[in-house]
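S.K.: Following is a predicted model, sequence given first.
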Amino acid sequence: MPEELFSTEVPQSAQPLAARMAPRTLDEFSGQRHILGPGKMLRRLVEAGKFGSAVFFGPPGCGKTALARLIARRAEAAVVELNAVAAGVADIKKALEQAKYDLASQRRRTLLLVDEIHHFNRTQQDVLLPASERGEVLLIGLTTENPSFYVNAALLSRVTAFEFEPLSFEDLLAIAERGAKEMKAELVPEAVKHLVNMAAGDARKLLNAIELAALSTSPDKAGKRRIGLEVAEESIQKRSIRYDKKSDDHYDHISAFIKSMRGCDPDAALYWMAKMLSAGEDPRFIARRALICACEDVGNADFRALLIAQAAFHAVEVLGMPEARIPLAQAVTYIACAPKSNAAYLAIDAAMAEAQRGKPREVPLHLRDATMDRKTRGHGAGYKYAHDFPGHWVEQQYMPDPARFYEPTDQGDEKRLRERLAQLRGNKR
């Protein structure tokens, strides 16, 4: 059910530190300078009170909700909040009907804040269209996902999408200092560095850890809580890895993984793989991508890459995690360090294009199967068996209207194939 965005039931002193630290002005806002810096469009819109419907998307704890609530405080509007996880069509319609009534009777618009908007299905999103198009509501959708994948095109065309980035190390340092001051605590330098590193761009996670550390530390005689590294480590024991196997992160990380192998950077490839495995990615998915890279990007420049990738895939299926990380690492580092050639990949694409759109070609009689039709139809007549000739090669036509698809490079083992093929093609000429 719709709820008022701000409630007087919980006094500010009893609110969590992250809630108490929410910025009240744009100058207090940390990070997102690419959209909120001086002169940037979003800042100009907010300051001028001309803010329109929007979708804020980005990782957790980067300020999406904080900015939405800051805008809500500045707007002369009724503020209603929906959580897309729990709200249904009936809840949306009730909020929109109330918004329409308020606009007609009190000349007051409604700011509808929809958290986790990517959980709304198409029908629920369509319900929002008429009211947002007529201007009866000011819609702000919040999501950790790329709206291009989860918000339908009709609704997306009626809002402005703003991407939020993870907070920088410096931004989190400043937030940590303010949070410690609010909790009347002192963080030793090692504790600050640990908390900021483990927060990984998430201000909410950082402030929750500072609050836990302060509440679990007894004040000294001066009433000050001194938080050391040991307490900090206990307060934030595991880094949150922003990676969802069903989200945009999944495709971004596997893309970085493949491109690192292709670019001969084993360290980067190992890092992206480690991050995916740490977040629970299926190791077989990673092994399949390594197999593809061995074929597409290494190819005949090093034929061993495919054998190692194939062996690693089998080992992953047999071993499972956590041991599967070892054969994966062996295959990934080998593929990354191997010489590269995409000649075979380009060749099959060119051959496929020719087969599908080029001149039709039939199998010549001398190449056809002669098992049943040699005498009656002449299949196989005139075929020259290569092993009967010097060098196990003989010139004959293997394709009507010959075309070239495979052009070996001079990389690795493929250089040897290039030289042999050049010799054979020269003999044929």
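M.R.: Looks like it arrived, so ask away.
S.K.: going forward, measure contacts and count neighbours with C-alpha atoms only.
M.R.: Noted.
S.K.: quick one: the strands in this protein?
M.R.: Using DSSP state E, the strands of the chain run over 3-4, 54-57, 78-83, 110-115, 137-143, 160-163, 185-187, 225-227.
S.K.: Can you check the pLDDT for the most centrally placed residue in the chain?
M.R.: By CA atoms, centre = their mean, the chain has its centre lying nearest to residue 249, at 1.8 Å. In this prediction, residue 249 carries a pLDDT score of 77.
S.K.: same thing with residue 428?
M.R.: Taking residue 428 on its own, its pLDDT is 64.
S.K.: hang on, the earlier thing: what's the spacing between the residue nearest to the centre of the chain and residue 145?
M.R.: According to CA to CA, to the nearest Å, residue 249 stands 9 Å off from residue 145.
S.K.: Was I right to think residue 68 contacts residue 138?
M.R.: No. Assessed by CA atoms under 8 Å, residue 68 is found out of contact with residue 138, at 11.3 Å.
S.K.: higher neighbour count, these two?
M.R.: Neighbour tally, residue 68 and residue 138, criterion other CA atoms under 10 Å: the higher count belongs to residue 138, 25 against 19.
S.K.: can you tell me which residues contact the more buried one?
M.R.: With contact taken as CA atoms under 8 Å, 6 or more residues apart in numbering, residue 138 is in contact with 52-53, 109-112, 132.
S.K.: Please tell me how far it sits from residue 112.
M.R.: 6 Å.
S.K.: any shared contact partners between the two?
M.R.: Counting by CA under 8 Å, 6+ apart, residue 138 and residue 112 have no shared contacts at all.
S.K.: which residues touch the lengthiest helix in the chain?
M.R.: Using DSSP state H, we find that the single longest helix of the chain is helix 89-106. With CA under 8 Å, 6+ apart as the test, helix 89-106 has contacts from 1-2, 80, 82, 108-110, 123-124, 127-128, 131, 136-137.
S.K.: Restricted to helices, list the residues you listed.
M.R.: 123-124, 127-128, 131.
S.K.: Quick check: of these, which lies closest to residue 372?
M.R.: Set against residue 372, the nearest of the ones in helices among the contacts of helix 89-106 by CA to CA is residue 123 (61.9 Å).
S.K.: Just put the contacts of helix 89-106 in a markdown table and tack on distance to residue 158 and pLDDT.
M.R.: Listed next are those as a markdown table, based on distance: CA to CA, whole Å; pLDDT from 0 to 100:
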| residue | distance to residue 158 | pLDDT |
| --- | --- | --- |
| 1 | 24 | 44 |
| 2 | 22 | 47 |
| 80 | 19 | 89 |
| 82 | 19 | 91 |
| 108 | 21 | 78 |
| 109 | 17 | 81 |
| 110 | 16 | 86 |
| 123 | 16 | 89 |
| 124 | 15 | 90 |
| 127 | 13 | 91 |
| 128 | 10 | 91 |
| 131 | 11 | 87 |
| 136 | 13 | 83 |
| 137 | 12 | 88 |
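S.K.: What subset of the ones in helices among the contacts of helix 89-106 is buried?
M.R.: Buried members of the ones in helices among the contacts of helix 89-106, scored by 16 or more other CA atoms under 10 Å, are 124, 127-128, 131.
S.K.: Ramachandran angles for residue 50?
M.R.: phi -110, psi 20 (degrees, to the nearest 10).
S.K.: I'd like the strands of the chain laid out as CSV, including distance to residue 338.
M.R.: Putting these into CSV (distance: least, CA to CA, whole Å) gives the following:
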stretch, distance to residue 338
strand 3-4, 59
strand 54-57, 39
strand 78-83, 50
strand 110-115, 47
strand 137-143, 41
strand 160-163, 37
strand 185-187, 47
strand 225-227, 49
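S.K.: And those: which comes nearest residue 281?
M.R.: Checked against CA to CA, the stretch from the strands of the chain lying closest is strand 137-143, at 22.0 Å.
S.K.: Within the sheet, what are the partner strands of that closest one, with directions?
M.R.: Sheet pairing here is set by DSSP bridges, and for strand 137-143 it gives strand 54-57 (parallel), strand 110-115 (parallel).
S.K.: Pick the most buried one from the ones you listed.
M.R.: strand 110-115 (a mean of 25; mean count of other CA atoms under 10 Å).
S.K.: Any regions of the protein where pLDDT drops low?
M.R.: 1-13, 238-247, 428-429 (pLDDT under 70).
S.K.: what does stretch 411-425 rub up against?
M.R.: Stretch 411-425 has contacts (CA under 8 Å, 6+ apart) with 300-303, 339-341, 407-410.
S.K.: got it, and stretch 391-399?
M.R.: With contacts defined as CA under 8 Å, 6+ apart, stretch 391-399 is touched by 361, 363-364, 367, 384-387, 428.
S.K.: Buried residues in that stretch, which are they?
M.R.: residue 394.
S.K.: repeat for stretch 271-287
M.R.: For stretch 271-287, burial by neighbour count (16+ other CA under 10 Å) applies to 272-274, 276-277, 281, 283-284, 286-287.
S.K.: now, which of those residues sits nearest residue 75?
M.R.: Looking across the buried residues of stretch 271-287 and measuring by CA to CA, the closest to residue 75 is residue 276, at 41.5 Å.
S.K.: in terms of contact, does that closest one touch residue 253 like I think?
M.R.: Yes. With contact defined as CA under 8 Å, residue 276 reaches residue 253; the gap is 7.3 Å.
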